[in-house]
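In: the sequence and its predicted three-dimensional model are supplied below.
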Amino acid sequence: MPLLTDIQLPAVQLAAVSKSYPSSAGPVPVLREVSLGFPQRALTAVMGPSGSGKTTLLNCAAGLDKPDTGKVLLGETDLAACGERELTVVRRSRIGFVFQQFNLLPMLTVYENVALPLRLQRGRVRRERVMEALRQVGLEDKAGRRPAQLSGGQQQRVAIARTLVAEPEIVFADEPTGSLDRKSGRQIMELLRDTVDRAGRTVAMVTHDPAAAACADRVVFLSDGQVVGRLDHPTAEAVARQLSLWER
Ligand SMILES: Nc1ncnc2c1ncn2[C@@H]1O[C@H](COP(=O)(O)OP(=O)(O)OP(=O)(O)O)[C@@H](O)[C@H]1O
């Protein structure tokens, strides 16, 4: 397990990130000057009450959404300052996403879904690379199937293979176990853990589940758009205890 010291370089660093959404009563702040790093080769979980801004934070960190103010540094690239065209290139080549609902394309086979990021990068799709990604998630024998022919847990593994094939600098996962039963959820967490420990990847994940968060190296707690706590090398019990404090 990596040491999470302050000198460990973050894959993504947020600096004083703020974001509001408009409402009839005026702008509603959702993120308030959030400063936070996602350390390289570590799994970071973001937790907090419903509406505390977790998805907004993840989307800003991943360049899917723009903060009103502040910086989002992926290496030396400030995503908050990028234009749409540049952001699209960065998202395709340097960032991976895993969603609660898998977001696979139903008309494509498993192989074609996993090959898609390489096609979008307009590179040559090497069959061996796609099959290696499928091997990493234990699904090389399902390459010819369509997503609907797989279980939820298998579909999420395909979604993870689809992110790994492009070798991103960081993988963002929003409730990756949220639609799965406990056993499949545990397998997905083992897989995400493996991509950090064996493949040396960086993962940032939003979750409500203390058992999933306990697989992380660090848990960051959000409340009302602010970072209110941090727990390194968490256990499920310690996470649940912290959550009950912030949710009171
Ligand atoms: N596009 C939007 N327009 C207006 N308000 C939004 C928008 N997206 C999110 N919000 C509001 O911002 C707040 C934070 O939303 P966000 O989804 O980031 O929270 P969350 O912590 O991920 O919540 P949950 O755990 O319920 O998914 C909520 O009050 C939400 O209603």
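Out: Right, received. Where do you want to start? Numbering: from 1, shown residues only.
In: in three-state terms, label residue 234 for me.
Out: Secondary structure assignment for residue 234 (DSSP: H, G, I helix; E, B strand; the rest coil): coil.
In: show me the contact partners of the worst-scoring helix or strand of the chain on mean pLDDT.
Out: Every helix and strand of the chain was ranked by mean pLDDT, DSSP states H and E. The lowest is helix 236-246, at a mean of 87. The contact list for helix 236-246, computed with Cβ atoms under 8 Å, 6 or more residues apart in numbering, reads 47-49, 210-211, 213-214, 219, 221, 223, 228-229, 231. Where C-beta positions appear, they are placed from N, C-alpha and C, glycine not excepted.
In: skip the chain neighbours and tell me the closest residue to the residue most central in space within the chain.
Out: The centroid of the chain falls nearest to residue 172 when counting by Cα atoms, centre = their mean (1.6 Å). Distances taken as Cβ to Cβ, 6 or more residues apart in numbering place residue 62 nearest to residue 172, at 4.4 Å, with adjacent residues excluded.
In: what's near enough to touch the one you found?
Out: Neighbours of residue 62 in contact, by Cβ under 8 Å, 6+ apart: 91, 95, 97, 172.
In: so which of those is the most crowded?
Out: residue 172 (26 neighbours; other Cβ atoms under 10 Å).
In: go ahead and confirm residue 100 touches residue 174.
Out: Yes: counting by Cβ atoms under 8 Å, residue 100 does reach residue 174; the two are 6.0 Å apart.
In: these two - which one has more neighbours?
Out: In this view residue 100 and residue 174 are compared by other Cβ under 10 Å, and residue 174 has more residues nearby, 21 against 17.
In: pretty sure that one contacts residue 55?
Out: Yes: when contacts are counted by Cβ under 8 Å, residue 174 is listed as touching residue 55 (5.8 Å).
In: what is in contact with these two at once?
Out: residue 206.
In: so where do the strands sit in the protein?
Out: 10-21, 28-39, 43-47, 69-74, 77-78, 95-98, 170-174, 203-206, 218-223, 226-232 (DSSP state E).
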